[in-house]
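Trainee: okay, structure incoming, though there's no sequence with it:
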Ligand SMILES: CCCCCCC/C=C/C(=O)SCCNC(=O)CCNC(=O)[C@H](O)C(C)(C)COP(=O)(O)OP(=O)(O)OC[C@H]1O[C@@H](n2cnc3c(N)ncnc32)[C@H](O)[C@@H]1OP(=O)(O)O
Ligand SMILES: NC(=O)C1=CN([C@@H]2O[C@H](COP(=O)(O)OP(=O)(O)OC[C@H]3O[C@@H](n4cnc5c(N)ncnc54)[C@H](OP(=O)(O)O)[C@@H]3O)[C@@H](O)[C@H]2O)C=CC1
């Protein structure tokens, strides 16, 4: 699909890069020639992932453990990647925390856990690296992984909805403010892409997983490669005029939820024949 050197020698930090979608994006970036740094809380998970990724895809994967909720740890993480590679070209803000719950059952610590990872964590990483890019007089790029309820909102994941909305607001705001430094800011809003982290917390029963699938007009979940290829395209120099954009990749899921009559896709044909007679009759 792409030239094999599309991301050649680009130094890319992926938060939450040791598992799930972060890892899938990282593997694709390696195939396209990037140098990777992956970061998350669990050092052992990162080391194992990096070793497997290098064995399968080649290239270099540097690991730094860091809790993105801790601004000092974030600055150290960014410094250590910058010192290791001599620079950083791209930050993919992918780390997240989320779970389903009636909002009234949440403690303030539960709210803080999600807001801390998603909103503060994304902001801390962006700010720490943005300052270094500006000080070094060079540009850079951030790609923020949000979700479609960043703009619709959603019940039962309210801290995540509030945090992702904040990340989208930050993306669009900084796309304008930091363009003068040559820094591009974009986002991707995925629909359902099965990962252990998401499914354990958001679709923990077969019924809930089925419900998630049934909301997608294309009647399937996303393939990790589809998301990874979109991310690679957005990060390529050839996409250099895309700035402040959020691209949805969800099989039409959020529009299905927005359309009042979308659920009629479940009606059998015989029912349509009957309804057609009724509606034509009532209109005459
Ligand atoms: C099926 C369709 C899918 C569509 C996708 C929709 C969009 C998806 C967005 C995503 O973000 S998916 C990514 C999901 N991945 C993760 O969440 C991975 C990381 N998550 C975590 O580490 C935890 O889940 C965490 C809770 C977010 C943070 O862990 P931490 O160890 O820092 O916190 P704890 O000390 O365990 O808990 C803090 C606080 O939160 C309360 N809590 C934890 N889980 C729940 C829960 N399920 N329900 C209610 N409350 C919860 C916990 O009890 C603590 O509060 P206190 O008890 O201390 O008051
Ligand atoms: N899967 C899906 O269907 C969808 C996912 N998304 C978004 O895609 C992104 C990836 O999700 P997905 O791969 O499914 O989720 P995962 O749970 O698999 O990945 C989340 C990653 O974030 C890391 N992480 C969590 N908390 C912290 C923290 N405090 N500091 C640093 N790293 C942290 C985790 O590593 P560790 O535990 O080692 O810290 C893990 O690697 C997220 O932004 C999510 O909101 C959006 C819509 C749909």
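Mentor: In hand now; what should we look at? Values in this document were obtained by computation on a predicted structure and should not be read as measured data. Ligands and ions are numbered 1, 2, ... in the order given.

Trainee: relative to ligand 1, how far out is residue 200?
Mentor: 8 Å (Cβ to the nearest ligand atom, to the nearest Å). Glycine gets a C-beta too; all of them are placed from N, C-alpha and C.

Trainee: which SSE is that residue in?
Mentor: helix 196-202 (DSSP states H and E).

Trainee: quickly check: that helix near ligand 2 or not.
Mentor: Yes - using Cβ under 6 Å from any ligand atom, helix 196-202 reaches ligand 2 at 197-198.

Trainee: quick one: residues in contact with that helix.
Mentor: 19-20, 98-100, 157, 192, 208-209, 212 (Cβ atoms under 8 Å, 6 or more residues apart in numbering).

Trainee: farthest pair in the residues you listed?
Mentor: Within those, two members stand farthest from each other by Cβ to Cβ: 19 and 208, at 20.7 Å.

Trainee: these two: which has the busier surroundings?
Mentor: Set side by side, residue 19 and residue 208 show more neighbours around residue 19, with 18 against 13, by other Cβ atoms under 10 Å.

Trainee: mind listing what that one touches?
Mentor: Neighbour list for residue 19: 40, 45, 49, 195-197 [criterion: Cβ under 8 Å, 6+ apart].

Trainee: for the stretch 1-150 of the chain, which residues are neighbours of ligand 1?
Mentor: 96-99, 101, 106-107, 109-110, 113-114, 147.

Trainee: which of those tops the neighbour count?
Mentor: Going by other Cβ under 10 Å, residue 147 tops these with 29 neighbours.

Trainee: quick check, that residue in contact with residue 164.
Mentor: Yes - the criterion here is Cβ atoms under 8 Å, and residue 147 meets it with residue 164 at 5.2 Å.

Trainee: taking the contacts of helix 196-202 one by one, which sit in helices?
Mentor: Secondary structure of the contacts of helix 196-202 is defined by DSSP state H; positions in helices are 20, 208-209, 212.

Trainee: quick one: which of the residues you listed is nearest ligand 2?
Mentor: residue 20 (2.2 Å; Cβ to the nearest ligand atom).

Trainee: what about the residue nearest to that closest one when sequence neighbours are not counted, how many residues nearby?
Mentor: Here the nearest residue to residue 20 in space, its sequence neighbours aside, is residue 195; by Cβ to Cβ, 6 or more residues apart in numbering that works out to 3.7 Å. Residues lying near residue 195 (other Cβ under 10 Å) number 16.

Trainee: who's in contact with residue 195?
Mentor: Contacts of residue 195 (Cβ under 8 Å, 6+ apart): 19-21.

Trainee: keep only these that also lie close to ligand 2.
Mentor: 19-21.

Trainee: tabulate the residues you listed (JSON lines), appending pLDDT.
Mentor: As requested, those are exported to JSON lines (pLDDT from 0 to 100):
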{"residue": "19", "pLDDT": "98"}
{"residue": "20", "pLDDT": "98"}
{"residue": "21", "pLDDT": "99"}
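
Trainee: the stretch 1-150 of the chain against ligand 2: which residues are in contact?
Mentor: 15-16, 18-22, 40-42, 45, 67-69, 94-97, 117, 121, 145, 147.

Trainee: selecting buried members of those in ChimeraX, what would you type?
Mentor: Here is the ChimeraX selection string for the buried members of those, based on 16 or more other Cβ atoms under 10 Å:
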select :15,16,18,19,20,21,22,40,41,45,67,68,69,94,95,96,97,117,121,145,147
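
Trainee: what about the residues of the stretch 1-150 of the chain next to ligand 2, which are in strands?
Mentor: For these, the ones inside strands are 15, 40, 145, with DSSP state E as the criterion.

Trainee: for the ones next to ligand 2 among the contacts of residue 195, which one is nearest ligand 1?
Mentor: Among these, and counting by Cβ to the nearest ligand atom, the member closest to ligand 1 is residue 20, at 7.1 Å.

Trainee: OK, contacts around the closest one?
Mentor: Residue 20 neighbours (Cβ under 8 Å, 6+ apart): 195-198.

Trainee: where does the protein dip in pLDDT?
Mentor: Applying pLDDT under 70 to the chain picks out residues 282-284.
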